[in-house]
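could you work out the structure for the sequence below:
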Amino acid sequence: MKWKFISVFAIISTLIYSCDWTKSGETENQLCDTSEIFYSLDIQPIIQQYCFSCHDNATHTHDINLEDSTSFFFYVTEGSFYNSVVHNGLSSPMPYNGKMDSCSLIKIIRWKNEGYPVN
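Numbers count the residues shown, from 1 in each chain. Next up is the predicted model:
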């Protein structure tokens, strides 16, 4: 009986704490506003946060510079940027140290689905 109680407690605890709750009681995805995606307000800060440490004007690891807009949009239009950040196996997965947060990925997917507008 003791083990049954411990097992039920463990399952309930896992379910309760498996969601990423914020202080206001909303999940991360509820806080992710993707109603409108703007390159300058949404996408560019994601690129700065996740990509510039290796792919900026000064570093440009593997000769990939994503800080330069011409170079960045080359990788966007030919597909390797999207393939890298969604880790679909068609390009090297980036960022190198793991995936972007789910909100950033959702914004990039939405931006792609809208045809990569520069707004």
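
ok, and what's touching stretch 99-118?
Here stretch 99-118 makes contact (Cβ atoms under 8 Å, 6 or more residues apart in numbering) with 28-29, 31-32, 34, 37, 39, 42-43, 46, 49-50, 73, 76-77, 82, 85-87, 93. In this view, the C-beta of every residue, glycine as well, is placed from N, C-alpha and C.

among those, name the buried ones.
37, 39, 42-43, 46, 50, 76, 82, 85-87 (16 or more other Cβ atoms under 10 Å).

so of the contacts of stretch 99-118, which ones are in helices?
28-29, 31, 46, 49-50, 73, 76-77, 82, 85 (DSSP state H).

can you redo the buried ones among the contacts of stretch 99-118 as JSON lines with distance to Lys107?
Below are the buried ones among the contacts of stretch 99-118 laid out as JSON lines (distance: Cβ to Cβ, whole Å):
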{"residue": "Ile37", "distance to Lys107": "6"}
{"residue": "Tyr39", "distance to Lys107": "10"}
{"residue": "Asp42", "distance to Lys107": "5"}
{"residue": "Ile43", "distance to Lys107": "7"}
{"residue": "Ile46", "distance to Lys107": "7"}
{"residue": "Tyr50", "distance to Lys107": "12"}
{"residue": "Val76", "distance to Lys107": "14"}
{"residue": "Tyr82", "distance to Lys107": "12"}
{"residue": "Val85", "distance to Lys107": "11"}
{"residue": "Val86", "distance to Lys107": "12"}
{"residue": "His87", "distance to Lys107": "16"}
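
in those residues, find the pair that's most separated.
The span of these, defined through Cβ to Cβ, is set by Tyr39 and His87 at 22.1 Å.
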